[in-house]
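Novice: One predicted model, sequence on top.
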Amino acid sequence: MLADRGHVATLIVSGFLLTGAGSTLLGCWLLAVGGPSGLAGPTPVLLASLVVGLGFSVGSASTSAVLTVLVEPHELAVAIPLNSVPLMVARALGPALAGLLLLIAGPASACLCAALLNFGCAAVMAWLRLPQRLAAEDEAGSVRLATAIAHLWQNKPLLLVLVGAAAIGIGAEPGVTLAPALAAQLGEVRMAGWIASSFGVGGVLGLLALGTVRRRLGHAHGASGGLLLMSAGLLVVTISGSVGLALAGMALAGVGMTIAHASNATLLQLLTPPGLRGRVTALWFLCWLGARPVGAALIGALGDVWGVTAGLLGTQAVVAGVAVACWLVWRGVRE
């Protein structure tokens, strides 16, 4: 609501500052107690995670929505997928770089480095003097959240964009939640990290296909096709009898995630009226990120009760079902 009321730049800067504050909190706490072994319990980690999550929720929606007022309408089809590149690269390389820094300098230094990067981004965003409004005064209309929800309910293609975002979040979870159990099932416990990383590597490779997908399929078919590719990759992992095949399946799912995410994010901005863009983008992030912990809990429960195969099949079925539903609804969408 604050974004649609004309506080976009403030929210973006505040989001980075809050995220940096959360990392600073944990880093300083670790320094004060002499490292992780000095922590009396998980409370500092949980508090820091709460602040970081709050910062992400405050700034992320505005960061995505402001793109529509920074470029010309005919440039959106290229600009929005490009906006997904840093996220995908960070998804693949971030854990590896953080692990390396952890080994070299320790956990406190890793947290403080993350804080410094976020504070630096806040300074850059403040220096850029980003626009505060996403829509002109006469386009804004009501700024109530209920208005955005009512619009989504009446606009089924846009509603399915949010459902698709939730499916992407759920489909990305097995690469993290089930990787250790899958590696143990395949008899290669040491490969758990590689299985998890292969999903991120596939995500980076998917960036190379975005231009071709946009030109040949369009955003609607690209989003549903990316979900189907995620589902196919998870199916390969499910039936794999070797680590090599599991790595290939996870990489294929990662490619699908990138294509689905970039296409889905583009559809979101193209189908949302300017006066609702801040609230609808926030709801989109809620569906995408909110689905991950829920999906992780359900997938983990399936894996614990019925095994890794059940967890993978359950995820694969959800992603494939949403992909088909999105394709049926989006067939008539004019981009």
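Specialist: Done, it's in. Numbering: from 1, shown residues only.

Novice: so where's the protein shaky on pLDDT?
Specialist: The chain contains residues with pLDDT under 70 at 1-7, 73-74, 76-77, 81, 88, 91-96, 99, 132-143, 332-335.

Novice: Which positions within stretch 195-215 qualify as buried?
Specialist: Neighbour-count burial for stretch 195-215 flags 195-207, 209-210, 213-214 (criterion: 16 or more other C-beta atoms under 10 Å). In short, each C-beta sits where N, CA and C put it, glycine included.

Novice: got it, and stretch 298-313?
Specialist: Under the neighbour-count criterion of 16+ other C-beta under 10 Å, stretch 298-313 has 298-300, 302-303, 308-313 buried.

Novice: Restricted to helices, list the residues you listed.
Specialist: 298-300, 302-303, 308-313 (DSSP state H).

Novice: Would you format those residues as a markdown table with distance to residue 8 included?
Specialist: As requested, these are arranged in a markdown table below (distance: C-beta to C-beta, whole Å):
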| residue | distance to residue 8 |
| --- | --- |
| 298 | 35 |
| 299 | 35 |
| 300 | 37 |
| 302 | 40 |
| 303 | 41 |
| 308 | 43 |
| 309 | 46 |
| 310 | 44 |
| 311 | 39 |
| 312 | 40 |
| 313 | 42 |
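
Novice: Going by distance to residue 149, which of those residues wins?
Specialist: Closest approach to residue 149 among these (C-beta to C-beta): residue 298, at 24.6 Å.

Novice: check contacts around that closest one.
Specialist: With contacts defined as C-beta atoms under 8 Å, 6 or more residues apart in numbering, residue 298 is in contact with residue 314.

Novice: how far does the host helix or strand of residue 22 sit from the chain's center?
Specialist: Assigned by DSSP states H and E, residue 22 falls within helix 8-33. Distance of helix 8-33 from the chain centroid (C-alpha atoms, centre = their mean, to the nearest Å) equals 20 Å.

Novice: now do stretch 254-262
Specialist: Taking C-alpha atoms, centre = their mean, one finds stretch 254-262 lying 10 Å from the centre of the chain it belongs to.

Novice: Next step: the buried residues of stretch 195-215 restricted to strands.
Specialist: Judged by DSSP state E, strands contain none of the buried residues of stretch 195-215.
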